[in-house]
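**Q** sequence plus the predicted model coming up.
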Amino acid sequence: MADREAATNNSAMLYTAEQRQRRDASVWTLVQGVLAPLQFLVFLFSLILVLRYLSTGAGETLATASVLLKTALLYAIMITGSLWEKDVFGEYLFVDMFFWEDVVSMLVMILHTWYVVAVLFGWYGAVGQSYLALAAYFTYVINAAQFLWKFRLARLGGQPNQHSGHAQASAAGGVS
């Protein structure tokens, strides 16, 4: 709780000094640093395959497999990301600093999970599933932009001007 209050009151820093030390010491920081670009590369490859399938009708199996791989990486990054938040902020999800990123992440997870369920149960047909994948990917891009904004702020050592705890995360959530 003291970290949350310190982060709320310190408008010049994204992290408190203690949070920065915990972030730098956490193994999950490195894991996130590896998984995030890997997931993005798989996303780009998968997006191309899904769009190819929708435009030509070719490559349905490969497109489906790529979305499933992207979803598996999403689950891995969400689990390790919550472990990272626990290491740095003392809570698994919805810490003030990343509140809106976590909210959008839940929507991303819901849409990707919905896709997997649709594939497993044969709902919507391959075309409908592909459009569902595109909806999931759209929310993923928004969420990735949120986190890139926070990463940029962390690299610059600051944060946007805020006046309350949840506003800290909402500033990035709205811009990204």
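**A** Ah, there it is.
**Q** for the top helix by length along the chain, buried residues please.
**A** Secondary structure assigned by DSSP state H gives helix 125-156 as the longest helix of the chain. Buried residues in helix 125-156, counted by 16 or more other C-beta atoms under 10 Å: 126, 129-130, 132-134, 136-137, 139-140, 143-147, 149-150, 153-154. Backbone N, C-alpha and C define where each C-beta goes, glycine included.
**Q** avg pLDDT for that helix?
**A** pLDDT averaged over helix 125-156 equals 92, rounded to a whole number.
**Q** now swap in stretch 14-30 and tell me
**A** For stretch 14-30, the mean confidence score works out to 91.
**Q** put the alpha carbons of that stretch into PDB.
**A** Taking only C-alpha atoms (Å, rounded to 0.1, in the frame of the first residue of the first chain), the coordinates of stretch 14-30 have been written out as PDB:
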ATOM      1  CA  LEU A  14       6.800   6.000 -13.100                       C
ATOM      2  CA  TYR A  15       8.100   3.800 -10.400                       C
ATOM      3  CA  THR A  16       9.300   4.500  -6.900                       C
ATOM      4  CA  ALA A  17      13.000   3.800  -6.200                       C
ATOM      5  CA  GLU A  18      12.000   0.500  -4.400                       C
ATOM      6  CA  GLN A  19       9.700  -0.500  -7.300                       C
ATOM      7  CA  ARG A  20      12.400   0.200  -9.800                       C
ATOM      8  CA  GLN A  21      14.900  -2.000  -7.800                       C
ATOM      9  CA  ARG A  22      12.300  -4.800  -7.600                       C
ATOM     10  CA  ARG A  23      11.600  -4.400 -11.300                       C
ATOM     11  CA  ASP A  24      15.200  -4.600 -12.200                       C
ATOM     12  CA  ALA A  25      15.800  -7.600  -9.900                       C
ATOM     13  CA  SER A  26      12.800  -9.600 -11.100                       C
ATOM     14  CA  VAL A  27      13.400 -12.600 -13.400                       C
ATOM     15  CA  TRP A  28       9.900 -11.800 -14.900                       C
ATOM     16  CA  THR A  29      11.300  -8.500 -16.300                       C
ATOM     17  CA  LEU A  30      13.600 -10.500 -18.600                       C
END
